[in-house]
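> my questions are about this predicted structure, shown below with the sequence.
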Amino acid sequence: MKEKLFLLVGFSLAFLSGSCLPANVLPSTATPQQPTAALLPDIDASNPYPLAGPGPYGVGMRSFKAVDSARGDREVGITVWYPAVPAAGDDVMEPVKDARPDGGGAPYPLILSSTKVAKILAPYLVSRGFTWASVDGIDYYLSMGESMIDQPLDILFALNQVAIYPPEGLEGLIDTEHAGAIGYSFDGYNALAMSGARIDPAYYLAQCPDPDLETQAILGSLSAFSCAPARDWDEFIAHAGKSVAESEDGLWQPMTDERIRAVMPMACEGWWLFGERGLAAVDRPILMLAGSKDALYKENVLIFNHLGTSDKSMIVFMDQDHMMIYDTGMIERIAHFAIAFFGCHLQGRRDLAQYFSQEFVASHADLAWELEDRVQ
C-alpha cells in the first residue's frame with residue numbers, strides 16, 4: 001500500500017510551540033498540559049543533571065521490515081522502543097526484546113532517529129515515558145550523496161509505518177501526533193532536515209567547484225561537503241523525485257511532517273546544502289548541542305545563526321570534541337537535555353523548560369549558552 005509522505009512548505013508551528021516556555025525563561029509555576037506523573041518522582045535534585053538517570057519504565061524493543069512502494073519497493077528496517085514492565089532484578093535501562101508493554105501512561109510521544117543513535121539514547125528517554133522508532137542500517141557517510149535524500153525519507157517512512165501499522169501488541173501505545181526528531185553527526189543532518197529546512201540547489205551548486213568564504217570557513221576533517229552530486233545533478237534530482245525537488249520558489253520541499261513538533265540536531269552538518277534561504281524556512285522549536293572543540297562546531301554556529309525559527313537554543317559542551325558521544329558521562333548529559341526538551345514540547349511538561357534554560361547552562365562551568373563571549 002502506498003503511504004502518504006508529508007512534505008510541507010511554509011508550515012507554521014505557532015500553535016505548537018506554545019506548549020512549552022522559551023528555553024531561556026525559568027517558569028515561576030509549572031502546570032503540565034498532559035498528565036505525565038510518572039516522570040516527576042525520578043527528578044534527582046542532587047544531580048547536576050537531574051534527568052540523567054533512568055526513569056520508572058523498563059525498555060522494550062521490537063524490530064520489523066517494511067516496504068516503501070512509493071520509492072521503488074525500498075525495504076526499510078525499523079526498530080521500535082517502548083516503555084515496558086521491568087522484570088524483577090532486571091536493569092531497567094537494558095532493552096529487552098518483545099518485553100511486556102507498560103500502558104499505564106500511554107500514549108507516549110514518539111522520537112525518530114537512526115538505530116545507531118537510538119542504541120545510545122533511546123533507553124534514557126523510553127524509561128521516562130517516550131516511544132522511539134529508529135531506522136536500521138543508517139550510518140555515516142564520508143561525502144555527500146543520495147544518503148542525504150534517502151535517510152530523512154526512510155525516517156519519515158518509519159513514522160508513517162508505526163502510525164498506520166503499529167507492531168502487534170503496541171496498538172495505542174505510540175503517540176505519533178506528538179513526534180520529535182533527534183540525531184548526532186550524520187543523523188544530526190537528518191534531524192535538521194525535519195526541522196523544516198529546505199535544500200537550496202542554487203546555493204549548493206554555486207559552491208562547486210569553488211566554495212564561497214562562508215562555506216570554505218567551515219570545511220574540515222569531518223565535513224562531508226562534496227561536489228559529487230553537482231556533477232550528476234540530474235540524477236540527484238531524479239533520485240529525490242518530483243514531490244521533493246519541485247517547487248515554485250527554487251527551494252526543495254522540506255523533508256518533514258506536520259506531526260514532528262520539535263527537533264534536536266547535535267554536532268550536525270548541512271549548511272552547504274541548505275544555505276541561508278533554506279535554513280530560514282525552519283519553523284519549529286530546535287535545541288542544538290555541540291562540543292566547543294568539535295571540528296563541526298563552526299558549522300553548527302553558522303547553522304544556528306540562520307535558523308528561521310525564533311524558538312531556538314544552542315548549548316555548547318566546553319572542551320568536548322566530536323567523539324563525546326562515546327563517553328558515558330557525556331551521553332547522560334545529552335540524555336538530560338533530550339528528556340527536558342522533548343518532555344517540554346511533546347509531553348507538555350512546561351516545568352522541564354528550566355532544565356535546558358540559559359539559567360541552567362550558566363550554573364554549569366562546563367557548559368556555555370551559544371554566542372556568549374567565552375565560546376571561541
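It's in.

> residue contacts, the nearest residue to Tyr124 once chain neighbours are set aside?
Distance criterion C-beta to C-beta, 6 or more residues apart in numbering; nearest residue to Tyr124, sequence neighbours excluded, is Ala335 at 3.6 Å. Just so you know, the C-beta spots here come from the backbone N, C-alpha and C atoms, and that holds for glycine as well. Contacts for Ala335 were tallied using C-beta atoms under 8 Å, 6 or more residues apart in numbering; they are Leu51, Ala52, Leu121, Tyr124, Leu125.

> who does the most centrally placed residue in the chain bridge with?
For the chain, Ile182 is the residue whose C-alpha lies nearest the centre (C-alpha atoms, centre = their mean; 1.6 Å). Beta bridges link Ile182 to Met264, judged by DSSP bridges.

> just for the stretch 201-350 of the chain, where's the confidence low?
Confidence mapping of the stretch 201-350 of the chain against pLDDT under 70 gives zero matching residues.

> tell me where it has strands.
260-266, 286-291, 312-317 (DSSP state E, counting those that start in this stretch).

> deepest in the core, which of those strands is it.
Most buried of the strands of the stretch 201-350 of the chain, by mean neighbour count (mean count of other C-beta atoms under 10 Å): strand 260-266, with a mean of 29.

> ok so, going back, quick check on the contacts of Ala335: which are buried?
Buried members of these, scored by 16 or more other C-beta atoms under 10 Å, are Leu51, Ala52, Leu121, Tyr124, Leu125.

> could the residues you listed be laid out in JSON lines, adding secondary structure and pLDDT?
Putting those into JSON lines (DSSP: H, G, I helix; E, B strand; the rest coil; pLDDT from 0 to 100) gives the following:
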{"residue": "Leu51", "secondary structure": "coil", "pLDDT": "95"}
{"residue": "Ala52", "secondary structure": "coil", "pLDDT": "91"}
{"residue": "Leu121", "secondary structure": "helix", "pLDDT": "97"}
{"residue": "Tyr124", "secondary structure": "helix", "pLDDT": "96"}
{"residue": "Leu125", "secondary structure": "helix", "pLDDT": "97"}
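
> can I get the host helix or strand of Ala158 as PDB, trimmed to CA atoms?
Assigned by DSSP states H and E, Ala158 belongs to helix 147-164. C-alpha atoms of helix 147-164 as PDB (Å, rounded to 0.1, in the frame of the first residue of the first chain):
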ATOM      1  CA  SER A 147      22.100   9.200   1.500                       C
ATOM      2  CA  MET A 148      21.200  12.900   2.100                       C
ATOM      3  CA  ILE A 149      17.900  12.100   0.500                       C
ATOM      4  CA  ASP A 150      17.300   8.500   1.500                       C
ATOM      5  CA  GLN A 151      18.000   8.800   5.200                       C
ATOM      6  CA  PRO A 152      15.400  11.500   6.000                       C
ATOM      7  CA  LEU A 153      12.800   9.800   3.800                       C
ATOM      8  CA  ASP A 154      13.400   6.500   5.500                       C
ATOM      9  CA  ILE A 155      12.800   8.100   8.900                       C
ATOM     10  CA  LEU A 156       9.600   9.700   7.700                       C
ATOM     11  CA  PHE A 157       8.500   6.400   6.300                       C
ATOM     12  CA  ALA A 158       9.100   4.800   9.700                       C
ATOM     13  CA  LEU A 159       6.800   7.500  11.200                       C
ATOM     14  CA  ASN A 160       4.000   6.600   8.800                       C
ATOM     15  CA  GLN A 161       4.500   2.800   9.400                       C
ATOM     16  CA  VAL A 162       4.200   3.000  13.200                       C
ATOM     17  CA  ALA A 163       1.300   5.400  12.900                       C
ATOM     18  CA  ILE A 164      -0.700   3.200  10.500                       C
END
